[in-house]
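In: Mind folding the following:
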Amino acid sequence: MKLDNKKLQELAHLARLEFSDEELSEIGNDLKKIIEFCDQLKSVDTEGIDPLIYLSDEINVLRDDQIKQGLKKEDALKNAPASDSDYFKVPKVITK
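Out: Just a heads-up that it's a prediction; the model follows:
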């Protein structure tokens with residue numbers, strides 16, 4: 001892939017970025033190095049190697065969910081600054 005200033009400016013525009021000429025030159029050099037590295041990866045022989053789905057063979061040990069009694073309504077509303085039977089009262093924050 002040939003990278004010139006016009007292509008770099010198009011990429012910067014698509015990414016909604018603005019660069020000075022000096023920054024554009026530095027970014028162009030960095031992008032060329034990245035593309036060269038990706039081209040090196042294309043030359044690696046991966047025949048017979050399965051795709052890597054997980055980075056580790058470890059298996060998570062998860063506990064079973066357990067149903068527990070939570071707070072009762074009365075206990076939850078006991079320390080509320082303002083409540084209305086079954087609900088917390090809060091200041092109105094949405095206006096029409």
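In: Could you name the residue of this structure that is farthest from its center?
Out: Distance from the C-alpha centroid of the chain, by CA atoms, centre = their mean, peaks at residue 85 (41.5 Å).
In: State the pLDDT value of that one.
Out: Here the pLDDT value assigned to residue 85 is 81.
In: Kindly report the same for residue 94.
Out: 86.
In: got it, and residue 1?
Out: Reported pLDDT at residue 1 in the predicted model: 65.
In: With residue 23 instead?
Out: For residue 23, the model assigns a pLDDT of 92.
In: ok, now residue 81?
Out: 89.
In: and it, what helix or strand is that in?
Out: For residue 81, there is no enclosing helix or strand under DSSP states H and E.
In: any idea what sits nearest it, other than its immediate chain neighbours?
Out: residue 89 (7.9 Å; CB to CB, 6 or more residues apart in numbering). C-beta here means a position set from N, CA and C on the backbone, and glycine is covered the same way.
In: How about residue 32?
Out: Spatial nearest neighbour of residue 32, chain neighbours left out: residue 3 (5.9 Å); criterion: CB to CB, 6+ apart.
In: max-length helix in the chain?
Out: Ranked by residue count under DSSP state H, the longest helix found in the chain is helix 21-42.
In: Identify each buried residue in it, please.
Out: For helix 21-42, burial by neighbour count (16 or more other CB atoms under 10 Å) applies to 24, 27-28.
In: can you map out the strands along the chain?
Out: Secondary structure of the chain by DSSP state E: the strands cover 83-84, 87-88.
In: The first one pairs with which strands?
Out: Same thing as strand 83-84. Using DSSP bridges, strand 83-84 pairs in its sheet with strand 87-88 (antiparallel).
In: chain center to the partner strand: distance?
Out: Centre-to-centre, strand 87-88 and its host chain are 35 Å apart (CA atoms, centre = their mean, to the nearest Å).
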